[in-house]
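Chemist: From the sequence below, what's the structure:
(2 chains)
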Amino acid sequence: MTTVETKGYFTATTERDISTGDMVLNIGPQHPSTHGVLRVVVRLDGERVVEAEPVLGYMHRAFEKLAEQRSPLQNTALFNRLDWISGFCNEVPYCIACEKLAGIEVPKRAQVQRVILLELTRLASHSLFCGVFGLELGALTAPMYGYRDREYALDLLEMVTGQRMHTNWSRIGGVKDDFPEGFYERVPAILEYYRTRVEQWLGFLIDNDVFVDRTRGIGVLPPSIALEYGVSGPNLRASGVSMDVRKEEDYLGYADYDFEVPVGEYGDCFDRYVQRVREMWESCNIVEQALDDLEPGPVNTGTGRLFKVPPGEIYIRSEGPRGEMGYYLISNGGREPYRLKIRTGSFSNISVLPYLLRGIYVPDIVAILGSLDFVVGDVDR
Amino acid sequence: MTHWALIPIQSVVILVAVLLSTGVLLYGLLKIHSRVMNRMGPMYAGRFHGVGQPIAEFLKPIQKEDIVPTLADAPVFKLAPLIALVPAFLVFAVIPIAPGIVGANIDLGLFYVLAISALSAIAIVMAGYASSSKFTLVGGLRAVGQIIAYELPVVLGAVAVAMLAGTLSLTKIVEAQRIPFAIWPFPMGAIAFGMFVVASFAEVMWNPFDMPAAESEIVTGPYTEYSGMRFIFFYMSEFAHVVALSAIGTLLFLGGWNGPILPPILWFLIKVVAFGVFFIWVRFTMPRLREDQLQRFAWKLLIPLGLVNVILIALYKVLLTK
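Modeler: Residues are numbered from 1 along each chain as shown, chains lettered A, B, ... in the order given. Now for the predicted structure:
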């Protein structure tokens, strides 16, 4: 004779020895919606999440240790693989850190070219997000559009660097080479394309009632919590905090460009989606201004591959598509860093998961995971 | 009554019809959703625009190993795909495609169709339970909730038509809506049709109501542990179900084979294809709702609306048509 009580809903008495309890569901590391090998252990009461805990480390590749054996040129190739959706955004801050330590003045043309490529990478990354987030909610067509849109920016990157994603183009003291012939002519049309696409994304998903039902009020991240956990990038801005490293730090001459930092209102999944769509628009503006800004001149200082980084310590922040991308570099005067700490946006962003995933339904887990837009390679490093 | 000697022949004809129509639907699905997604879809199998793709999709899993999980309830696990497939075939037996062309012209056609097509729910529950996986369990339970919630709107939509036509025979229902095009009296017919279409999506578990097999959440729901031929059985049953619901929708609401100039059978096929294209179109456009939102939608909107509709029709029949 056992009496079974289910969370105050009803009590039942049975002759058999049974009990009710929470179910532990292991989402990942092999699961269609975890973007790689993130594992989330959730305790479920029915379909309601009691507790969730992200388990990291399935994709740890010891990048910080690897970097200690590699010269800057090799390191940029390595850091492309951190967050593979936006490879170029990872290599530039590392080069800036080395340049700052060495006191190298980067030519203006190289700075502007870096900005153009950075913003194109951001466009590629955000347009992929805009599509793939649809897949999390079951819109099977959206990811195809996302992948297609991304290709336009990647085409430009390929035209310049020869690579779509792992560009390895940034060098200490500038970029590897000048833009190729015909690049300037192609960019405006593609920016125009992205602008029309931004409007189509707004129409395709944001005007869809089912989409709004699934995202409005789901995974609300209050600004105070976001700041406590160190959330950064579009996720933080969607919560209403106007924090953009491009505005705060003086790097790559971002201060010269006229662009806005859009912020969200409620910090739910819907806001996080709209945030990225709006940032695509701003990125288009930046690229457009940067194109006008290009002056003839050298694109690098001709620093050779045997360049040694002078001893010292420095922390460099930058705004990546996934949040604040930072490198803490300690050099003892060799080619290789003595110690390198990589601060990535995704890692801090998913640390807020236990807070966000409490008390929601299973389908919302996927919506929230998707809306944070993390890359597991960026989380585990 | 059909002569006993004809029954095997009829059975074979229906079997072929089902396989053919599911194949055509699969090809249409692959091609149409590729169009929607801005790509080409299958282009190689069968040489011409991938027309051989449905056969390839069917043949490949046959070669695969038949895996039964160690902890699974093996007999139930093995039986579930068959239970899913058989009702899907049985439904086709009573669907008339033109005057006189029908497997079994029974007077309770509509009743039979609804009863048999609801059977596949059992298979999904069996699959979800027997696989002994948490994902399948969640998927199976979602499927049960969904089918309980959406069988009612389908039935209420069909009942509305049965009341208007005054018969449960599918052939007679089609004959009742011969001419003109505006088939059933305005608000009632439209409400019944809308309910039927919405609930059909939930019954076949296609977007926006595909939560039981929501890939991004619970892998493939009840089918997660299935592989090879058994997996394909579930898919064939799903596709056959879509074809069947398209045909039933055509018979009940779109006037069946009625239409000018063209021969009746062609009209019927055109309408069924249009229905199927609509199914595919919506499936690949909409995101997925959440299970609780779906339940709210069914119990708070569709079912009360359906009941009101039935009352309206009763009043209409009693007051206006006598």
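Chemist: okay, now the residue in the stretch 151-300 of chain B that chain A sits nearest to: neighbour count?
Modeler: Distances between the stretch 151-300 of chain B and chain A by CB to the nearest CB are smallest at B:Arg288, namely 2.7 Å. Just so you know, the C-beta spots here come from the backbone N, C-alpha and C atoms, and that holds for glycine as well. By other CB atoms under 10 Å in any protein chain shown, the residues close to B:Arg288 number 28.
Chemist: what does whichever strand or helix holds A:Leu44 contact?
Modeler: Taking DSSP states H and E as the criterion, A:Leu44 maps to strand A:39-45. With contact meaning CB atoms under 8 Å, 6 or more residues apart in numbering or on different chains, strand A:39-45 is reached by A:7, A:22-29, A:34, A:49-56, A:58, A:353, A:357, A:362, A:365, A:369.
Chemist: same thing with stretch A:222-241?
Modeler: Here stretch A:222-241 makes contact (CB under 8 Å, 6+ apart) with A:126, A:221, A:243-244, A:261-267, A:271-272, A:274-276, A:279, A:319-324, A:345, A:348-349, A:351-352, A:355, A:371-373.
Chemist: Of the residues you listed, which belong to strands?
Modeler: Residues of these located in strands (DSSP state E): A:Glu319, A:Gly320, A:Gly323, A:Glu324.
Chemist: For the last one, list the residues it contacts.
Modeler: Taking CB under 8 Å, 6+ apart, we find A:Glu324 in contact with A:Ser232, A:Gly233, A:Val245, A:Arg317, A:Ser318, A:Arg343, A:Gly345, A:Ser348.
Chemist: For chain B, list the residues in contact with chain A, please.
Modeler: Proximity of chain B to chain A, by CB under 8 Å from any CB of the partner chain, involves residues B:33, B:36-39, B:134-135, B:138, B:207-208, B:210-211, B:214-219, B:283-293.
Chemist: Would you list the buried entries among these?
Modeler: Neighbour-count burial (16 or more other CB atoms under 10 Å in any protein chain shown) applied to these gives B:33, B:36-37, B:134-135, B:138, B:207-208, B:210-211, B:214-219, B:283-291, B:293.
Chemist: Could you list every helix and strand in contact with the helix or strand bottoming out on mean pLDDT in chain B?
Modeler: Using mean pLDDT, DSSP states H and E, helix B:215-218 stands out as the lowest-scoring helix or strand of chain B, at a mean of 74. Counting contacts by 3 or more CB pairs under 8 Å, 6 or more residues apart in numbering or on different chains; DSSP states H and E, helix B:215-218 is packed against helix A:362-372, helix B:134-165.
Chemist: Comparing these, which comes out most buried?
Modeler: The highest mean neighbour count among the helices and strands packed on helix B:215-218, using mean count of other CB atoms under 10 Å in any protein chain shown, belongs to helix A:362-372: a mean of 26.
Chemist: those helices in chain B, which residues are they?
Modeler: Secondary structure of chain B, counting by DSSP state H: helices at B:6-36, B:53-62, B:74-92, B:109-118, B:120-130, B:134-165, B:170-176, B:186-204, B:215-218, B:228-253, B:264-283, B:291-296, B:303-319.
Chemist: neighbours around residue 251, how many?
Modeler: Picked chain A for this. A:Tyr251 - counted by other CB under 10 Å - has 20 other residues nearby.
Chemist: that's the wrong chain, I meant chain B
Modeler: 26.
Chemist: do B:Asp73 as well
Modeler: Counted with other CB under 10 Å, the neighbours of B:Asp73 add up to 16.
Chemist: what sits against it?
Modeler: By CB under 8 Å, 6+ apart, the neighbours of B:Asp73 are B:Tyr129, B:Ala130, B:Ser132.
Chemist: can we see that at 6 Å?
Modeler: Counting by CB atoms under 6 Å, 6 or more residues apart in numbering or on different chains, B:Asp73 makes contact with B:Ala130.
Chemist: And it, how close does it get to chain A?
Modeler: For B:Asp73, the distance to chain A (CB to the nearest CB, to the nearest Å) stands at 18 Å.
Chemist: Of all residues in chain A, which one is closest to chain B?
Modeler: A:Gly138 (2.7 Å).
Chemist: how far away is that residue from B:Glu215?
Modeler: 8 Å (CB to CB, to the nearest Å).
Chemist: try A:Gly334
Modeler: Counting by CB to CB, the gap from A:Gly334 to B:Glu215 is 49 Å.
Chemist: now chain B, which segments are flagged as low pLDDT?
Modeler: Under the criterion pLDDT under 70, the flagged ranges of chain B are B:1-2, B:103, B:178-183, B:321-322.
Chemist: Low-confidence stretches in chain A?
Modeler: For chain A, the stretches flagged by pLDDT under 70 are A:1-12, A:14, A:18-19, A:32-35.
Chemist: Around chain B, pick out the residues from it.
Modeler: A:25, A:32-33, A:136-141, A:144, A:210-211, A:213, A:362-363, A:366 (CB under 6 Å from any CB of the partner chain).
Chemist: at 8 Å instead, please
Modeler: Counting by CB under 8 Å from any CB, chain A comes close to chain B at A:23, A:25-26, A:31-33, A:47, A:134-142, A:144-145, A:148, A:205, A:208, A:210-211, A:213-214, A:361-366, A:370.
Chemist: Could you tell me which of those belong to helices?
Modeler: If you go by DSSP H, those have A:134-136, A:142, A:144-145, A:148, A:210-211, A:213-214, A:362-366, A:370 in helices.
Chemist: Narrow the contacts of stretch A:222-241 to those that are buried.
Modeler: A:126, A:221, A:243-244, A:261-264, A:266-267, A:271-272, A:274-276, A:279, A:319-324, A:345, A:348-349, A:351-352, A:371-373.
Chemist: Surely the residue of chain A closest to chain B touches B:Met205?
Modeler: No: using CB atoms under 8 Å, A:Gly138 makes no contact with B:Met205, being 11.4 Å away.
Chemist: quick one: which of the two has more around it?
Modeler: Between A:Gly138 and B:Met205, counted using other CB under 10 Å, A:Gly138 has the larger neighbour count: 28 against 23.
Chemist: Please determine how far the more buried one is located from B:Glu57.
Modeler: In terms of CB to CB, A:Gly138 sits 22 Å off from B:Glu57.
Chemist: and A:Leu329, what are its phi and psi?
Modeler: The phi and psi values for A:Leu329, taken as degrees, to the nearest 10, are phi -110, psi 130.
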